[in-house]
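# Below are the sequence and a predicted model; questions follow.
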Amino acid sequence: GDAWQSAHWAQMLGMAAWWLWDNLPDDLRAGVRRIVAHEADRIARAKPPHQLRRDTKAEENAWNSQILAIAPLLMPDDPRRPGWELAFQKWVLSSHLRPTDKHSTTLVDGRTVAEQFTGANVFDDYTVENHGFVHPDYMTAYSLTVGCSLHYALTNREMPEALLYNIPGIYGNLKWFSLPDGGFVYPNGQDWE
């Protein structure tokens with residue numbers, strides 16, 4: 001807990017437990033709830049970071065948002081649920097904000113994007129930079145947030161509009177980097193062997 005990726009791993013534990021819930025003993029259920037609630041509370045209290053150059057925070061914000069989607073699944077009657085859901089919307093939106101969104105009058109979940117602007121993680125041309133160059137692998141971070149739409153569908157809840165904000169532009173741009181075999185073109189090079 002309380003580590004760089006611990007919310008990401010805790011949400012995986014929580015999602016696996018949710019699928020197996022009826023087959024888990026009570027003490028294991030309680031333990032999973034405790035872990036998920038701890039990480040959800042920690043992320044809900046934190047401010048989403050932002051950075052455009054060298055190391056986008058899009059991916060980190062996206063993976064941190066997931067714990068806030070899992071917590072209500074495991075604890076639908078918990079009094080913290082409304083706070084987790086508000087924080088989820090904030091973290092999801094923060095993942096894919098662009099500099100021009102600072103002045104956007106587009107309504108997302110009942111408020112203008114400008115009112116909700118916390119900083120940009122995606123360039124205005126819908127690319128992101130990580131490892132010091134435009135990096136298509138990190139442009140796919142939207143899959144972490146969009147994947148949470150399943151939680152909403154399976155529980156008959158309306159998903160936040162923030163879940164899809166700027167995603168069509170990122171996806172549309174990402175197609176230019178795609179190869180027929182499913183890999184990517186790295187126009188700025190690649191530092192992963």
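Now that the structure is in, tell me what you want to look at.

# Count the neighbours of residue 159 for me.
Number of residues near residue 159 (other Cβ atoms under 10 Å) recorded here: 19. Where you see a C-beta, it was placed from the backbone N, CA and C, and this is true even at glycine.

# Assign a three-state SS to it, would you?
With DSSP: H, G, I helix; E, B strand; the rest coil as the basis, the three-state label of residue 159 is coil.

# thought it was touching residue 149?
Yes - with contact defined as Cβ atoms under 8 Å, residue 159 reaches residue 149; the gap is 5.1 Å.

# And what about the residue nearest the centre of the chain, helix, strand or coil?
The centre of the chain sits closest to residue 62, judged by Cα atoms, centre = their mean, with a distance of 2.2 Å. Under the three-state scheme (three-state DSSP), residue 62 adopts helix.

# what's the nearest residue to it if we skip its chain neighbours?
Excluding the flanking residues, the one nearest residue 62 by Cβ to Cβ, 6 or more residues apart in numbering is residue 144, at 3.8 Å.

# Look up how far residue 181 lies from the one you found.
As judged by Cβ to Cβ, to the nearest Å, residue 144 and residue 181 stand 23 Å apart.

# Show me the helices in this structure, by range?
Taking DSSP state H to define them, one finds helices in the chain at 6-20, 26-45, 58-74, 81-95, 113-116, 136-139, 142-146, 149-154, 167-174.

# Which one's more surrounded, residue 144 and residue 181?
When residue 144 is set against residue 181 and neighbours are counted by other Cβ under 10 Å, the residue ahead is residue 144, at 21 against 6.
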